[in-house]
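A.B. asks: could you look at this predicted model? Sequence included:
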Amino acid sequence: MSSTSRPDQDPRGFLRALYDAAVQRALPMHTTQAHLPPPPRGRTVVIGAGKAGGAMAEAVDALWPADAPLSGLVVTRYDHVPPAYKARPGRIEVVEAAHPVPDEAGRQAAARILQLAQGLTADDLVLCLISGGGSALLSLPAEGISLEEKQAVNKALLKSGAAIDEMNCVRKHLSAIKGGRLAALCAPAKVVTLLISDVPGDEPAVIASGPTVPDPSTCADALAILQRYGIEVPPAARAALESGAAETPKPGDPRFDGHEVHMIATPQQSLEAAAALARQAGIEAHILSDEMEGESREVGKVQAALARAVARHGQPFARPCVILSGGETTVTVRAKGGRGGRATEFLLGCAIALQGQPGVWVLAADTDGIDGMEDNAGALVAPDTLARAAAQGIKPAELLDRNDAYSFFEALGDLVVPGPTFTNVNDFRAVLVL
């Protein structure tokens, strides 16, 4: 860490350095080698999807023996292919598609991946590269459901405030490729799945809706979630769910025998990397949890209360310190036209609750570099955030009511805009108390 990023002299630079350390820890080129199997007697086919898909493909291509056969197709989000690999593509094709709402490019890529999974032998190896975002990117609707209908369900789920495991339960059961179906089609080839986790609990069946692992959830679970959030689905989809025709492959299915799943990067590892950097700077670091969920603005209020307790009473932690957390909060969209994502909504709720508390700075950002559908990863809150907003006539509570946290931090010049990071271990939050 440079002298310009000392927490007492440059709190903003210090927090940004912690975020960068968290992202760096999760880059596929640093984490893939130890988890690669030896080349098989037959072919090695690489398939996969996710926001880190391009970087994972780049890493496998670089690390796989040059004289061993290697081919395949991975789909990632638009503008998420590492520049060097885009300029000089390797043995694994990478295509781009839309996220968080799927598009035709994603549907076509998923159909091609499905074709690559068929006709394999027991001598062949399938390397499946899965990271967060794969649910939208690997979108192949089940029979009788159109892409437009799947898009409508996906949009409703995103606006509902449903947790990621709930959203992915529904997505699996309306898909022709997720919920273990992709791996089942690869039989009798061996499947080795490399995962970058973006979900609380690092559950493989939830990450990207688990295309290569058995699915313990059921059609009945999906129906209950749809009812809970008042989400309508097409008649064909409802009939398939109610009859059980949309059921996914379950644990114990022999088609998964001999398969391997390796977690190559997790939120906890990234939080630990940030904590280590903080301690090098002489600041004690406390990791609250890598599994935080809940409404973003409410989580922001809770962390503000914690920060105020530390600043005012030295409890439960002594200052100076930095409090780190990860996970995946949610935003229930209450108004039309607002801009922002989980990170900025968390921060606006946090800023309001902090009440300008001296000595407290907060950074929250998504580790993929994109907060929701905007161009920023997140933003920063400082002790003078509310005062600067008031000087511009900005009313934070009104913007929060409109789900327009992006506009709040854009007006203050406090957005964090790193661009795509080519990985994804979900939310990163750091609260610095000096």
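C.D. replies: Now that the structure is in, tell me what you want to look at.
A.B. asks: which residues are in contact with Asp375?
C.D. replies: Asp375 sits next to Val417 when contact means C-beta atoms under 8 Å, 6 or more residues apart in numbering. All C-beta atoms are positioned from the backbone trio N, CA, C, and that covers glycine.
A.B. asks: and it, how far from Glu149?
C.D. replies: Going from Asp375 to Glu149 by C-beta to C-beta, to the nearest Å gives 29 Å.
A.B. asks: what of His313?
C.D. replies: Between His313 and Glu149 the computed distance is 54 Å (C-beta to C-beta).
A.B. asks: try Pro65
C.D. replies: Pro65 sits at a distance of 44 Å from Glu149 (criterion: C-beta to C-beta).
A.B. asks: any regions of the stretch 201-350 of the chain where pLDDT drops low?
C.D. replies: The stretch 201-350 of the chain contains no residues with pLDDT under 70.
A.B. asks: now do the helices in it.
C.D. replies: 219-228, 235-243, 267-280, 296-313, 342-354 (DSSP state H, counting those that start in this stretch).
A.B. asks: now mean neighbour count and distance to Lys250 too, for these, in JSON lines please.
C.D. replies: Listed next are the helices of the stretch 201-350 of the chain as JSON lines, based on neighbours: other C-beta atoms under 10 Å; distance: least, C-beta to C-beta, whole Å:
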{"stretch": "helix 219-228", "mean neighbour count": "17", "distance to Lys250": "12"}
{"stretch": "helix 235-243", "mean neighbour count": "16", "distance to Lys250": "16"}
{"stretch": "helix 267-280", "mean neighbour count": "20", "distance to Lys250": "27"}
{"stretch": "helix 296-313", "mean neighbour count": "19", "distance to Lys250": "34"}
{"stretch": "helix 342-354", "mean neighbour count": "28", "distance to Lys250": "32"}
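A.B. asks: those into TSV, with extra columns for distance to Tyr85?
C.D. replies: TSV is the format used below for the helices of the stretch 201-350 of the chain (distance: least, C-beta to C-beta, whole Å):
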stretch	distance to Tyr85
helix 219-228	36
helix 235-243	37
helix 267-280	22
helix 296-313	33
helix 342-354	27
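A.B. asks: nearest to Ala57, out of the ones you listed?
C.D. replies: For Ala57, the closest of the helices of the stretch 201-350 of the chain is helix 267-280, at 20.8 Å, according to C-beta to C-beta.
A.B. asks: can you map out the strands along the protein?
C.D. replies: For the chain, strands defined by DSSP state E occupy the ranges 44-49, 71-77, 92-97, 125-131, 190-196, 260-265, 284-292, 321-327, 360-366, 378-381, 415-416, 427-433.
A.B. asks: dump these to a markdown table, plus mean neighbour count.
C.D. replies: As requested, the strands of the chain are exported to a markdown table (neighbours: other C-beta atoms under 10 Å):
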| stretch | mean neighbour count |
| --- | --- |
| strand 44-49 | 28 |
| strand 71-77 | 25 |
| strand 92-97 | 22 |
| strand 125-131 | 28 |
| strand 190-196 | 27 |
| strand 260-265 | 19 |
| strand 284-292 | 18 |
| strand 321-327 | 24 |
| strand 360-366 | 28 |
| strand 378-381 | 28 |
| strand 415-416 | 22 |
| strand 427-433 | 27 |
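A.B. asks: pipe those strands into a markdown table and attach distance to Gly341 per row.
C.D. replies: Shown next, in a markdown table, are the strands of the chain (distance: least, C-beta to C-beta, whole Å):
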| stretch | distance to Gly341 |
| --- | --- |
| strand 44-49 | 21 |
| strand 71-77 | 14 |
| strand 92-97 | 19 |
| strand 125-131 | 18 |
| strand 190-196 | 19 |
| strand 260-265 | 21 |
| strand 284-292 | 15 |
| strand 321-327 | 14 |
| strand 360-366 | 7 |
| strand 378-381 | 8 |
| strand 415-416 | 11 |
| strand 427-433 | 10 |
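A.B. asks: nearest to Asn168 among the ones you listed would be which one?
C.D. replies: Among the strands of the chain, the nearest to Asn168 by C-beta to C-beta is strand 125-131 (12.1 Å).
A.B. asks: now do the closest one, average pLDDT.
C.D. replies: Taken as a whole, strand 125-131 carries a mean pLDDT of 98.
A.B. asks: pairing partners for that strand, with directions?
C.D. replies: Using DSSP bridges, strand 125-131 pairs in its sheet with strand 44-49 (parallel), strand 190-196 (parallel).
A.B. asks: now those strands as CSV including distance to Gly179?
C.D. replies: Below are the strands paired with strand 125-131 laid out as CSV (distance: least, C-beta to C-beta, whole Å):
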stretch, distance to Gly179
strand 44-49, 14
strand 190-196, 14
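A.B. asks: contacts for stretch 276-291, please.
C.D. replies: 1, 5-7, 14, 17-18, 21, 200-201, 266-268, 271-272, 274-275, 317-318, 320-327, 432.
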